[in-house]
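Asker: Sequence unavailable; structure follows:
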């Protein structure tokens, strides 16, 4: 039993939800339908502030044993026998949040499911997951300052994506350093590079070349000396010179003897002085010439002796031309080896740095991948939090999407289901939350956007699940009295559900009805639609065809 007294524009109203299914509150706009829905919800929750009718002192709302007294404050007594989802969850918000973009619509739907489960936005839901072991390092405190779990999940994902991008940029820089410091491919790092070994080899090659070059110079000088001495030997004969010297020596001795004799006879031979003086002058000249010649002969003899000694001495043998060329090549190779060794030492030093940069890039890329994966897992946390067997949250790479499974094990986005299929799932989810005999609420705006066939299907499905649905609709007659009329949809007996919905054909959601136009007629006056029907009227239901390879996926409910 539901009753209201002095509630907003409602003076007095009393009615009973007689059986599971849909009951529609019908009245012109401004009659208090929405306020009455809020009052029932407040009774269910045991909390809420309700408006008192103008110029009255006291009001009251009773629903299923719970009472709300409306006055200066709202006082709640009793307890509702069933649960109610309105205020936490609007079925219409799950089915059609009136957002055109699928990803944005699913974001609103996920918020509705979070509200349904009553989960508080607690960052520990994410921090406790093993993938978020570095939560405090990555997530900014400002990302946690929200009461919206979906928004919190999105901000945490953004933080992990941002951290991943930072790591990826760092890895790219490190890879550039690694490439720049890596040695050229043509450089053999296994070649000798020890500077001391290479310097010793170079010094040995240099000393060998110096020795051979000095040997070559000495041999050349020796050969020149021999050639000069040979010329002397060719020009002069020691035998003729000795004989000539002997003759000159005798002549000098004879001249001296004669001179002495003449000097002794000078006094005696004064008469012969002039002749003798003339002769003496001649003899003196001869002596001068003889002495000069003697000195020249002595000089030649000395040269001859020196030439003989030079010829008899050992001759420096010049190095072999091939040995000298090999020594030069060895020195060049030693010089090249030293230069190569310097390059190898520098390359090895750079290689160590390059390996460090490579390892840093690898670790950063691994960390970035971990952050990316953790960001994606925020959807998994939402799914685990919602704990809804019919729907789960998955990422399409950019946004969190609501997904359900077909009987064939394939996934399909909830947004891509038909309106009827979405309503069936929504009622199932709500029924599992409130249990049999529980109360679900569809807002007036949501109900007025549902076409006739789907209204019947929703009613049938609610009957089958044993839940009450309370909603509202504006009266079709604008001049009708502002009296709220609770209109239950026609009674139907619970029947076995059709367990699959096939996209390839237009099949019944819920229990098939033989002739919906003839057997079920609603006493609700036809109201002008709040918007064009979301879909054309459904065709007459037909039995579900058996599964085949050509059929589309089937959605289990």
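Answerer: Yep, that arrived. Computed from a prediction, not measured in an experiment: that's the story for all the values here. Residues are numbered from 1 along each chain as shown.

Asker: separation between residue 403 and residue 96?
Answerer: 18 Å (C-beta to C-beta, to the nearest Å). To be clear about C-beta, it is placed using only N, CA and C from the backbone, and glycine gets the same treatment.

Asker: Ignore what I typed, I meant residue 286.
Answerer: Counting by C-beta to C-beta - residue 286 and residue 96 are separated by 155 Å.

Asker: Neighbour count: those two, which is higher?
Answerer: A count of neighbours by other C-beta atoms under 10 Å puts residue 96 above the other of residue 286 and residue 96, at 21 against 14.

Asker: count of neighbours near residue 14?
Answerer: Counted with other C-beta under 10 Å, the neighbours of residue 14 add up to 11.

Asker: Which secondary structure state does it sit in?
Answerer: Under DSSP: H, G, I helix; E, B strand; the rest coil, residue 14 falls in the strand class.

Asker: mind listing what it touches?
Answerer: The contact partners of residue 14, by C-beta atoms under 8 Å, 6 or more residues apart in numbering, come to 1-4.

Asker: swap in residue 34?
Answerer: Counted by C-beta under 8 Å, 6+ apart, residue 34 has contacts 443-444, 472.

Asker: run the last query once more with 10 Å
Answerer: Residue 34 is in contact with 8, 25, 443-445, 472, counting by C-beta atoms under 10 Å, 6 or more residues apart in numbering.

Asker: Same question for residue 317.
Answerer: Residue 317 neighbours (C-beta under 10 Å, 6+ apart): 215, 218-219, 222.

Asker: how about these in a markdown table, adding distance to residue 460 and secondary structure?
Answerer: As requested, these are exported to a markdown table (distance: C-beta to C-beta, whole Å; DSSP: H, G, I helix; E, B strand; the rest coil):
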| residue | distance to residue 460 | secondary structure |
| --- | --- | --- |
| 215 | 119 | helix |
| 218 | 124 | helix |
| 219 | 123 | helix |
| 222 | 129 | helix |
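
Asker: Narrow those residues to those that are buried.
Answerer: 215, 222 (16 or more other C-beta atoms under 10 Å).

Asker: And the helices in the stretch 101-250 of the chain?
Answerer: With DSSP state H, counting those that start in this stretch as the criterion, the stretch 101-250 of the chain has helices at 102-117, 124-127, 135-138, 149-181, 195-235, 238-266.

Asker: Can you add mean pLDDT and distance to residue 358 and give those back as CSV?
Answerer: Listed next are the helices of the stretch 101-250 of the chain as CSV, based on pLDDT from 0 to 100; distance: least, C-beta to C-beta, whole Å:
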stretch, mean pLDDT, distance to residue 358
helix 102-117, 82, 39
helix 124-127, 87, 33
helix 135-138, 92, 24
helix 149-181, 90, 4
helix 195-235, 86, 27
helix 238-266, 81, 88
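
Asker: Now tabulate these in JSON lines and tack on distance to residue 416.
Answerer: Formatted as JSON lines, the helices of the stretch 101-250 of the chain follow (distance: least, C-beta to C-beta, whole Å):
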{"stretch": "helix 102-117", "distance to residue 416": "8"}
{"stretch": "helix 124-127", "distance to residue 416": "28"}
{"stretch": "helix 135-138", "distance to residue 416": "33"}
{"stretch": "helix 149-181", "distance to residue 416": "20"}
{"stretch": "helix 195-235", "distance to residue 416": "72"}
{"stretch": "helix 238-266", "distance to residue 416": "130"}
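
Asker: Out of these, flag the one nearest residue 493.
Answerer: helix 102-117 (28.8 Å; C-beta to C-beta).

Asker: Which neighbouring elements make contact with that closest one?
Answerer: helix 91-95, helix 149-181, helix 321-386, strand 392-395, strand 400-405, strand 411-413, helix 419-434 (3 or more C-beta pairs under 10 Å, 6 or more residues apart in numbering; DSSP states H and E).

Asker: Distance to residue 485 and mean neighbour count for the ones you listed - can I get that in TSV?
Answerer: Output for the helices and strands packed on helix 102-117, formatted as TSV (distance: least, C-beta to C-beta, whole Å; neighbours: other C-beta atoms under 10 Å):
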stretch	distance to residue 485	mean neighbour count
helix 91-95	21	24
helix 149-181	38	18
helix 321-386	37	17
strand 392-395	41	20
strand 400-405	36	22
strand 411-413	39	15
helix 419-434	24	23
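
Asker: Make JSON lines out of these and add distance to residue 262.
Answerer: Formatted as JSON lines, those follow (distance: least, C-beta to C-beta, whole Å):
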{"stretch": "helix 91-95", "distance to residue 262": "166"}
{"stretch": "helix 149-181", "distance to residue 262": "109"}
{"stretch": "helix 321-386", "distance to residue 262": "71"}
{"stretch": "strand 392-395", "distance to residue 262": "147"}
{"stretch": "strand 400-405", "distance to residue 262": "151"}
{"stretch": "strand 411-413", "distance to residue 262": "155"}
{"stretch": "helix 419-434", "distance to residue 262": "166"}
